[in-house]
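A.B. asks: The following comprises the amino acid sequence and a computationally predicted model.
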Amino acid sequence: METEVDVLEFQVPMESNKALFVWNIPPCFSQAHIYDSLSSIFSSFGPLFLLRVLPSSPPNAPGFSALIRFYSALQTSHAQRATDGLALVQDGPPLKVRLSTRGRPSFLLADRKPLGHARCVELANQCLGFNGWSTHIVTLKQLDANNPEEEEEEEEEQRRSRGGEEGHKEKTLRYGCVVHLSFTQHQATSRGVAVVEERFTNTGPAVCIQKHSKLQRWVRDKAVADAFSSVLLVLLGDGRLMVEVRQGREHLLPADDMEGVISVNKVSWSEFDPEEEDGDEEWELSVT
């Protein structure tokens, strides 16, 4: 008998074979209670990326339906077979659980979104345990963000726009970080790099200190997520798990070569909210 094998990536799962549609859920409990019940049932098969409970809309009978996304196609298949026809409550109607038959276009799957830091940590802890991996900051430092000549020109232009009056100066902060991600039990390592920046109006020391703190935390989290983006978790049907790492250009960089990384991983704070972690998307599903 062949051993089933599946691969988990630290990327947003967009394939149709990782999505389930559940309906025929009776309205005998609140939406929050239904969410908790489904989470308990389906998370027993593997980590969930998405669980969304929706009330049925007219002309359908009162009740609920749910969208569920796993990281693993193998775990999705196991969950579908085990829960289809299962009654959520005693003497209740059997659940109808089907795999989605509509996935994203192939050109979108080729450029999938990597998981954010919080999602990476959650998935790693669920699959490997809290002691199954560790990170070490190799380098975290402030990088030169302003050209002195350009800075003087900008200050002069700001003074002219204010009629020659002195005012608050605009400042650009840029930080770079390199982290080392280790899976000791699996003898695997990965390196992540990130450079982030923010331009803001410096209204005083307190604001500047706050910006430094935010950027340091953000660039560290971005570097950790970047390290996870090259990690593959290989799941075997007998319950074993292996860790593999895709080797790329960034993993060959020396630890102190921050300047060579800037053009590849530069991200502006204004273009991304570091507090948002892979918000739920509107998944378009169909079933047969």
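C.D. replies: Structure's in. What do you need?

A.B. asks: so T184 makes contact with S134?
C.D. replies: Yes. Here T184 reaches S134: they are 7.3 Å apart, a contact under CB atoms under 8 Å. Glycine gets a C-beta too; all of them are placed from N, C-alpha and C.

A.B. asks: List of residues touching stretch 117-130?
C.D. replies: 8, 10, 47, 49, 71, 115, 132-133, 183, 221-222, 224-225, 228, 233, 241, 243, 277-278 (CB atoms under 8 Å, 6 or more residues apart in numbering).

A.B. asks: Helices - which of those land there?
C.D. replies: In helices, defined here by DSSP state H, the members of these are D221, K222, V224, A225, F228.

A.B. asks: which residues of the stretch 151-288 of the chain fall in helices?
C.D. replies: All helices of the stretch 151-288 of the chain, identified by DSSP state H, counting those that start in this stretch, fall at 205-228, 262-265.

A.B. asks: Below-threshold pLDDT in the chain: ranges please.
C.D. replies: Scanning the chain with the threshold set as pLDDT under 70 gives 1-3, 102-111, 145-168, 248-288.

A.B. asks: in it, which residue is closest to the centre?
C.D. replies: L115 (2.2 Å; CA atoms, centre = their mean).

A.B. asks: which residues touch P94?
C.D. replies: Listed by CB under 8 Å, 6+ apart, the contact set of P94 reads N24, D84, G85, L86, A87.

A.B. asks: Let's see if you can find the most crowded of those.
C.D. replies: Within the contacts of P94, most neighbours by other CB atoms under 10 Å means N24, with 18 neighbours.

A.B. asks: how close does that one sit to S44?
C.D. replies: Distance check for N24 against S44: by CB to CB, to the nearest Å, it reads 20 Å.

A.B. asks: Tell me how the protein divides into domains.
C.D. replies: 13-109, 117-271 (automatic domain parsing).

A.B. asks: Nearest to E4, out of these?
C.D. replies: domain 117-271 (3.3 Å; CB to CB).

A.B. asks: Which parts of the stretch 1-150 of the chain are helices?
C.D. replies: Counting by DSSP H, counting those that start in this stretch, the stretch 1-150 of the chain has helices at residues 31-42, 73-83, 106-109, 117-128, 148-161.

A.B. asks: Could you list every helix and strand in contact with the first one?
C.D. replies: Judged by 3 or more CB pairs under 8 Å, 6 or more residues apart in numbering; DSSP states H and E, helix 31-42 is in contact with strand 19-25, strand 48-55, strand 64-70, helix 73-83.

A.B. asks: Neighbours of the closest residue in space to E9 that isn't next to it in sequence, how many?
C.D. replies: Of all residues not flanking E9 in the chain, L232 sits nearest, at 6.1 Å (CB to CB, 6 or more residues apart in numbering). Neighbour count of L232, defined by other CB under 10 Å: 14.

A.B. asks: Who does L232 form a beta bridge with?
C.D. replies: On the basis of DSSP bridges, L232 is bridged to E9, E244.

A.B. asks: so what's it up against?
C.D. replies: Neighbours of L232 in contact, by CB under 8 Å, 6+ apart: V7, L8, E9, V243, E244, V245, R246.

A.B. asks: one step back: by neighbour count, which of the ones in helices among the contacts of stretch 117-130 wins?
C.D. replies: Of all those, F228 has the most neighbours under the rule other CB under 10 Å, reaching 27 neighbours.

A.B. asks: unless I'm mixing things up, that one is touching L8, no?
C.D. replies: No. Counting by CB under 8 Å, L8 is not a contact partner of F228; they are 10.9 Å apart.

A.B. asks: what about the residue nearest to the centre of the chain, distance to F10?
C.D. replies: 5 Å.

A.B. asks: same deal with Q210?
C.D. replies: 30 Å.

A.B. asks: which of the two has more neighbours?
C.D. replies: Using other CB under 10 Å, the more surrounded residue of Q210 and F10 is F10, with 21 against 11.
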